[in-house]
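A.B. asks: Here is a sequence with its predicted model. Questions after.
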Amino acid sequence: MISPSVFSGAFLGWSLGANDAANVFGTAVSTKVVKYSTAVIITAIFVILGAVVDGEHGVHKLSDFAYNGGIDTALAAFFVMLSAALTVTVMTYLKFPVSTSQAVIGAIMGGGLLVGRTDFSASIKFLSAWIVTPLGAMIISFIMYKIIEKFLENRIKSLEFYDAVIKGGYILAGMFSAYSLGANNVANVTSIYAGQLNLLTTQQAVIVGGISIALGVLTYSKRVMLTVGKGLVDLSPISGFVSVMAAALTVYIYALIGIPVSTSQAIVGAVIGIGLVKGVKAINMKTVKNIMFAWFGTPTIAGLVSFGFSFIYHM
């Protein structure tokens, strides 16, 4: 019997899927290379696959971080995940591509603060990833685009062949990106219930997390799609494909390390890398500012909400 407290994690998974599907196929949909319906079906399938096959690495590290940080009861875990889920859901409604990883870490730290068990030293490895992720994706994207622009884009003369290459590339990149999303971010959804808290086994955690993310993709992911796809940089079909692949590579590397990171930060970093190739003027700075606000605001808001729940819980 699965504990009812797990439902707040499933709620977060749904919110994550609704928000982060844009990072998988947002550029493909906005450039009209792939239909929205096709994109969400592929994403849902490969999210579950990535979660089940490669998701356990992050589950162990994040569950230990939460338990050692004072989230050591089912009710405390419920409130932490509810805080993160509410934060991500509101940001999704406002069309911000936010970081679920930041929401979860912020909520864990806020939830443990009242009892004095928040481990700030252990949080450094997660916090540093928030900086390295977009920078890494930006560098990979910049290099990939330069190479493809020189050796592929400028050499294809047949428009029909060009379209076929682009569509195939987008679908393959989307599959890999969705797989990376499931492998990396399933830890954000259910790891807090696993490990020493033992409300879920590791296998149960990745299955429940993967399915809940997929449900978010299928039911409520359209709102954020165009924010990433069109709002940041005017993307060509080739540059859109490169940004997805660069972000997917970055996120998958972290999945193997076992540190959940933001696919939103990765894709935004990758898109900015494309913008740097085209020139800084190609980047919509207003959208960058809005996304930066969401990045800093997400862990802060989630932490404050979680602290509030913790305060009420300990009264």
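C.D. replies: All right, it came through fine.
A.B. asks: Check which element follows the longest helix along the chain along the chain.
C.D. replies: Secondary structure of the chain read by DSSP state H shows that its longest helix is helix 159-190. Toward the C-terminus, helix 159-190 is succeeded by helix 202-220 as the next helix or strand (DSSP states H and E).
A.B. asks: Give the other helices and strands that that following helix contacts.
C.D. replies: Judged by 3 or more C-beta pairs under 8 Å, 6 or more residues apart in numbering; DSSP states H and E, helix 202-220 is in contact with helix 6-30, helix 36-54, helix 56-68, helix 159-190. For the C-beta atoms, the positions are set from N, CA and C on the backbone; glycine is no exception.
A.B. asks: any idea of the angle the second one forms with helix 159-190?
C.D. replies: Put simply, helix 36-54 runs at 50 degrees to helix 159-190, going by axes from the mean of the first three to the mean of the last three C-alpha atoms, to 10 degrees.
A.B. asks: Helix 202-220 and the longest helix of the chain, what's the angle between them?
C.D. replies: Angular relation of helix 159-190 and helix 202-220 on a 0 to 180 degree scale: 130 degrees, by the same axes, to 10 degrees.
A.B. asks: Helix 159-190 - contacts with which helices or strands?
C.D. replies: Using 3+ C-beta pairs under 8 Å, 6+ apart, helix 159-190 is in contact with helix 6-30, helix 36-54, helix 56-68, helix 100-113, helix 202-220, helix 237-257, helix 263-278.
A.B. asks: any chance of those helices in CSV, plus distance to Asp119, mean neighbour count and mean pLDDT?
C.D. replies: Below are the helices and strands packed on helix 159-190 laid out as CSV (distance: least, C-beta to C-beta, whole Å; neighbours: other C-beta atoms under 10 Å; pLDDT from 0 to 100):
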stretch, distance to Asp119, mean neighbour count, mean pLDDT
helix 6-30, 21, 28, 89
helix 36-54, 26, 21, 96
helix 56-68, 6, 22, 92
helix 100-113, 8, 29, 93
helix 202-220, 21, 23, 95
helix 237-257, 19, 25, 91
helix 263-278, 23, 27, 84
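A.B. asks: wait, which of those helices is closest to Leu152?
C.D. replies: For Leu152, the closest of these is helix 237-257, at 7.6 Å, according to C-beta to C-beta.
A.B. asks: what separates Ile253 from Gly17, distance-wise?
C.D. replies: Shown here: Ile253 relative to Gly17, a distance of 22 Å by C-beta to C-beta, to the nearest Å.
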